[in-house]
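> Please find the sequence and the predicted model below.
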Amino acid sequence: MDSFEFYSPTRFVFGRESEKKTGDLVRRCGGTKVLLHFGGGSVKVNGIYDKVVASLTQAEVPFIPLGGVQPNPRSGLVREGIDLCRREKVDFILAVGGGSVIDSAKAIAFGTVYAGDFADYYFGKDVKAPKPVPAALPIGAVLTIAAAGSEGSANSIINLEPGNLKRGATGEALRPKFAILNPMFTYTLPPFQTACGAVDIFAHLVERYFTPTQDVMVSDELCEGLMRSVVVASVKALAEPTDFAARSDLMWAGSLAHNNVCGAGRVQDWASHGIEHELSALYDCAHGAGLAVVMPAWMDYVKDTDLARFARFAEKVFGVAPADKTLMVDEGIARYRAWIHSLGLPLTFRELGAKAEDIPALVAKLGLNGNTLGRFRPLKDDDVAKILESCAR
Ligand code: NZQ
Ligand code: ZN
């Protein structure tokens, strides 16, 4: 295990009616005027918005609403939010939604207190040691989809316009002070979004699991247990959308998969995420759907780097019986694809709506500039192109 510092101070407030604590939590974090940030309207339709407003009102916390966050959140609304927060002297950002709303909230929280352009801190893949954002307004999240893990992460991913460059910022200041996790809030998700969320949670574990670091039994076992749980719970939640136990498991797994408890002390990969972000930037597809296509293809491409680790993944996550390692590895990846397919998600460029002729542009936009992507198996431009070409066949 490598040396590490683990500091992940988000307060997770889990359970039925946990949103009733929102107003008090904002107060405890020092918030006196809130930006209430949300997406395209699902929270108004399903009543979550009204519940959060009731809690803020009861705690006598004034708020200003700003809706309209699109999946793959855009910089235009971030800039609008920054202006609004400065003008109205907002001192707390409350995100009610999924990864896109939370990431937009984080960008606004940072941009409001930063004298320059918030995009200065949103870096590309050629940046090896990104500067962490220095400060931000405090952020809280009321989560409505188990997926991105942004409710406990120190990252924000924004589509920078013009050009739709999907870029990330990082820094402890971006980690939410609290996250309200009411699994019942995810009952209204369309099946496609439930599936995308499960595949994203699984991917956050895969990015950490495939590592060159030796002797990391604790986090290996954490990753494997969470991956198995996500597979089982996703199938149950799709069969019965109001299965509280399955929704609970997905929601808590989503937070644990990405607050880095599973990644401490080990080198992590993140190549599949880097590649996927170019797909969701270009095609505006769901992040989980892009990962459903890219990650199994990445596995096929890099499996020879450490056959033993892939065989262990096959056995411990997908129950493949011990046999010849090469056969086990291929069977494990096949079962991973079968699970994704059973959730109704794409596995190929065609199913995703991506085009082979865009591959050179996707690779160019990734912007490696001679650097490599991923740390389990560092990839160059031509490796990325080959992975994408395999998705396009
Ligand atoms: O916009 P509304 O109307 O709310 O609808 C949303 C949206 O269309 C809908 N939805 C959410 N909760 C719902 C619901 N519909 C009905 N009932 C509910 N309870 O679901 C759609 C997708 O929402 P979105 O927030 O985009 O999903 P997700 O949580 O998957 O977030 C994806 C974004 O997070 C980024 C991705 O790149 C992508 O931009 N990521 C952020 C990370 C981070 N900050 O740490 C890490 C991830 O790897 C990821 O890259
Ligand atoms: Zn992800």
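Structure received. Numbers count the residues shown, from 1 in each chain. Ligands and ions are numbered 1, 2, ... in the order given.
> what residue ranges in the stretch 1-150 of the chain are flagged as low confidence?
For the stretch 1-150 of the chain, no stretch has pLDDT under 70.
> where do the strands sit along it?
11-14, 34-38, 63-66, 92-97, 139-143 (DSSP state E, counting those that start in this stretch).
> Which of those strands sits closest to ligand 1?
Ligand 1 lies closest, by C-beta to the nearest ligand atom, to one member of the strands of the stretch 1-150 of the chain: strand 92-97, at 5.0 Å. Heads up, the C-betas are built off the backbone N, CA and C, glycines and all.
> I'd say residue 11 and residue 175 touch.
No - counting by C-beta atoms under 8 Å, residue 11 does not reach residue 175; the two are 10.8 Å apart.
> Am I right that residue 329 is in contact with residue 315?
No - counting by C-beta under 8 Å, residue 329 does not reach residue 315; the two are 10.1 Å apart.
> Compare these two (neighbour count), which wins?
residue 329 (24 against 17; other C-beta atoms under 10 Å).
> How about residues contacting the host helix or strand of the more buried one?
Here residue 329, judged by DSSP states H and E, is contained in helix 325-342. The contact list for helix 325-342 (C-beta atoms under 8 Å, 6 or more residues apart in numbering) reads 199, 231, 234-235, 292, 296, 299-300, 303, 307-308, 310-311, 313-315, 317-322, 347.
> and if we set it to 6 Å?
231, 292, 296, 299, 303, 307, 310-311, 313-314, 318, 320, 347 (C-beta atoms under 6 Å, 6 or more residues apart in numbering).
> Return the mean pLDDT over it, rounded to an integer.
For helix 325-342, mean pLDDT rounds to 98.
> How far does it sit from its chain's centre?
23 Å (C-alpha atoms, centre = their mean, to the nearest Å).
> same check, this time on stretch 248-265
11 Å.
> contacts for that stretch?
For stretch 248-265, the surrounding residues in contact (C-beta under 6 Å, 6+ apart) are 1-2, 4, 6, 8, 146-147, 149, 151-153, 181, 183, 201, 204-205, 208, 219, 222-223, 226, 229-230, 233, 237.
> at 7 Å what do you get?
Contact with stretch 248-265 is made by 1-2, 4, 6, 8, 10, 12, 14, 143, 146-147, 149, 151-153, 179, 181, 183, 186, 197-198, 201, 204-205, 208, 216, 219, 222-223, 226, 229-230, 233-234, 237, as judged by C-beta atoms under 7 Å, 6 or more residues apart in numbering.
> Report how many residues lie close to the residue of the stretch 251-393 of the chain found nearest ligand 1.
Nearest to ligand 1, among the residues of the stretch 251-393 of the chain, is residue 287, at 3.8 Å (C-beta to the nearest ligand atom). Using other C-beta under 10 Å, the number of residues around residue 287 comes to 26.
> wait, doesn't it sit right on residue 280?
Yes - counting by C-beta atoms under 7 Å, residue 280 is a contact partner of residue 287 at 5.2 Å.
> Which residue is the nearest non-sequential neighbour of residue 151?
residue 179 (3.7 Å; C-beta to C-beta, 6 or more residues apart in numbering).
> State the distance from the one you found to residue 244.
Applying C-beta to C-beta, to the nearest Å, the value for residue 179 to residue 244 is 18 Å.
> Please identify which of these two sits among more neighbours.
residue 179 (27 against 13).
> Backbone dihedrals for that one, please?
When quoted as degrees, to the nearest 10, the phi and psi of residue 179 stand at phi -140, psi 120.
> Let me see the contact set for it.
The contact partners of residue 179, taken as C-beta under 7 Å, 6+ apart, are 10, 12, 141, 143, 151-152, 255.
> can you tell me which two in those are farthest apart?
With C-beta to C-beta as the measure, no two of these lie farther apart than 10 and 143, at 11.1 Å.
> Stretch 343-350 near ligand 1 anywhere?
No - using C-beta under 6 Å from any ligand atom, stretch 343-350 never reaches ligand 1; the gap is at least 12.5 Å.
> Just the terminal-to-terminal distance for that stretch.
From its first residue to its last, stretch 343-350 covers 17 Å (C-alpha to C-alpha, to the nearest Å).
> Kindly report the same for stretch 254-274.
19 Å.
> Give the buried residues for that stretch.
Residues of stretch 254-274 classed as buried: 254-264, 266, 268-274 (neighbour count, 16 or more other C-beta atoms under 10 Å).
> now do stretch 164-174
164-171, 173-174.
> One more: stretch 50-70?
Within stretch 50-70, the residues that count as buried by 16+ other C-beta under 10 Å are 51-53, 55-56, 59, 61, 63, 66-69.
> between these, which is closest to residue 105?
residue 69 (8.3 Å).
> Got the phi and psi for that closest one?
Per degrees, to the nearest 10, the backbone of residue 69 is at phi -70, psi 130.
> now swap in residue 165 and tell me
phi -90, psi 110.
> Could I get the contacting residues of it?
residue 281.
> what's the spacing between it and residue 291?
Applying C-beta to C-beta, the value for residue 165 to residue 291 is 19 Å.
> For residue 170, name its beta-bridge partners.
residue 155 (DSSP bridges).
> ok so, going back, ok, residue 10 and residue 143, which is more surrounded?
Taking neighbours as other C-beta under 10 Å, residue 10 and residue 143 compare with residue 143 leading, 34 against 19.
> I'd guessed the more buried one sits against residue 151; true?
Yes - between residue 143 and residue 151 there is a contact at 4.9 Å, judged by C-beta under 7 Å.
> sorry, back to before: between residue 11 and residue 175, which has more neighbouring residues?
More crowded of residue 11 and residue 175, by other C-beta under 10 Å: residue 175, with 22 against 15.
> How far off centre is stretch 112-120?
23 Å.
> and that stretch, how far apart are its ends?
Start-to-end, stretch 112-120 (C-alpha to C-alpha) is 13 Å.
> Alongside ligand 1, which residues does this structure contribute?
Listed as neighbours of ligand 1 in the chain under the rule C-beta under 6 Å from any ligand atom: 39-43, 46, 71-72, 97-101, 103, 144-145, 147-150, 153, 155-157, 185-186, 188-189, 193, 196-197, 200, 258, 273, 280, 287-288.
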